[in-house]
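Q: all I have is the shape, not the residue letters:
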């Protein structure tokens with residue numbers, strides 16, 4: 001963990017399955033932004049029923065740390081559709097233990113450091129592991145101090161982590177990764193309700209998106225981060241925080257370049273526990289025909305703002321690794 005500064009990182013539009021990692025794609029992005037990326041993010045969906053060894057080897061051989069979004073999600077990976085065959089109750093019941101064990105064995109064989117997020121943004125209602133689909137705010141105990149949706153998530157999270165650790169995959173650091181603001185905005189659905197405990201998280205993660213659709217506005221960074229940062233800091237006072245996803249679309253007259261500049265400035269100066277930020281370099285076409293272009297090069301001005309921001313030496317391009325103990 002860097003005592004000073006923070007790691008720079010990116011997800012680099014690796015296709016619809018978010019897993020088509022290529023060395024050329026990483027190198028092209030780094031050439032464009034003028035800086036090596038300490039962290040490269042990609043996804044591993046349970047629907048694929050495999051461990052992404054090839055992808056992670058590409059990332060590690062490039063001297064970057066793999067960040068893996070390990071999502072209990074089945075094809076066709078559509079949001080807002082509710083639980084599928086990888087539902088949390090089936091995970092808790094042990095239906096997917098063999099897959100978890102096989103994944104863990106492959107992670108152990110990979111042997112290099114990696115960060116894994118199990119079921120990110122659970123406090124949003126778009127993913128099938130959201131507490132909304134598992135009883136929401138129904139009481140989970142007689143004292144009515146806990147809620148069924150978050151408690152089901154925590155039980156599944158702990159089950160997965162316990163099984164992976166039991167297989168000896170000690171090279172994994174785990175990240176508890178929420179959306180900056182919950183949906184629905186109810187107390188039971190806030191991030192603290194889902195926190196599985198300090199023994200189950202090495203990092204705390206936040207998604208921070210600006211304007212993803214043209215009918216939205218572009219909030220400034222403090223309004224997107226101040227309260228969620230405090231919330232996550234209160235969840236656990238000892239864990240580093242990562243902006244695990246951040247980005248905004250190019251929708252004039254909104255000023256994307258200024259927003260990127262503000263993010264890269266304030267993540268360093270305003271929020272001391274932030275130790276990494278991973279930009280979501282992606283675009284997609286919406287049903288109305290227009291594009292949500294979050295890529296850093298959506299305009300000349302946006303790219304220059306990103307290049308200038310990450311050029312600051314406080315944004316660390318290289319991993320700080322402890323030497324392996326001598327045998």
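A: Yep, it's here. Note that the coordinates shown come from a computational prediction; the quantities given were computed from them, not determined experimentally.
Q: what segments of the stretch 51-200 of the chain are strands?
A: For the stretch 51-200 of the chain, applying DSSP state E, counting those that start in this stretch gives strands covering 65-71, 114-118, 172-179.
Q: put together CSV for those, with mean pLDDT and mean neighbour count on each row.
A: The way it works is simple: take the backbone N, C-alpha and C, and place the C-beta from them, glycine included. Converted to CSV, these look like this (pLDDT from 0 to 100; neighbours: other C-beta atoms under 10 Å):
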stretch, mean pLDDT, mean neighbour count
strand 65-71, 98, 24
strand 114-118, 98, 23
strand 172-179, 98, 22
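Q: looking at those strands, spot the one closest to residue 103.
A: strand 65-71 (7.7 Å; C-beta to C-beta).
Q: next, the angle strand 172-179 makes with the closest one.
A: Strand 65-71 runs at 60 degrees relative to strand 172-179, counting by axes from the mean of the first three to the mean of the last three C-alpha atoms, to 10 degrees.
Q: what angle separates strand 65-71 from strand 114-118?
A: Counting by the same axes, to 10 degrees, strand 65-71 lies at 20 degrees to strand 114-118.
Q: now the strands of the stretch 51-200 of the chain as JSON lines including distance to residue 8?
A: Converted to JSON lines, these look like this (distance: least, C-beta to C-beta, whole Å):
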{"stretch": "strand 65-71", "distance to residue 8": "11"}
{"stretch": "strand 114-118", "distance to residue 8": "15"}
{"stretch": "strand 172-179", "distance to residue 8": "17"}
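Q: and those: which comes nearest residue 187?
A: strand 172-179 (14.4 Å).
Q: gap between the closest one and the chain center?
A: Centroid separation for strand 172-179 versus its chain: 7 Å, with C-alpha atoms, centre = their mean, to the nearest Å.
Q: what does that strand contact?
A: Contacts of strand 172-179 from elsewhere in the structure, counted by C-beta atoms under 8 Å, 6 or more residues apart in numbering, are 67, 69, 107, 113-118, 120-124, 157, 161, 164, 191, 194-196, 200-207, 228, 232, 235, 242, 244.
Q: buried members of the residues you listed into PyMOL, please.
A: The buried residues among the contacts of strand 172-179 can be selected in PyMOL (16 or more other C-beta atoms under 10 Å) with this line:
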select buried, resi 67+69+107+114+115+116+117+118+120+121+122+123+124+157+161+164+191+194+195+196+200+201+202+203+204+205+206+207+228+232+235+242+244
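Q: tell me which of the contacts of strand 172-179 fall in helices.
A: Counting by DSSP state H, the part of the contacts of strand 172-179 found in helices is 107, 157, 161, 164, 191, 194, 228, 232, 235.
Q: farthest-apart pair in those, please.
A: Maximum distance among these (C-beta to C-beta): 29.3 Å, for 107 and 228.
Q: low-confidence regions, the stretch 201-327 of the chain specifically.
A: 323-327 (pLDDT under 70).
Q: cool, the stretch 1-150 of the chain as well?
A: Applying pLDDT under 70 to the stretch 1-150 of the chain picks out residues 17, 142-144.
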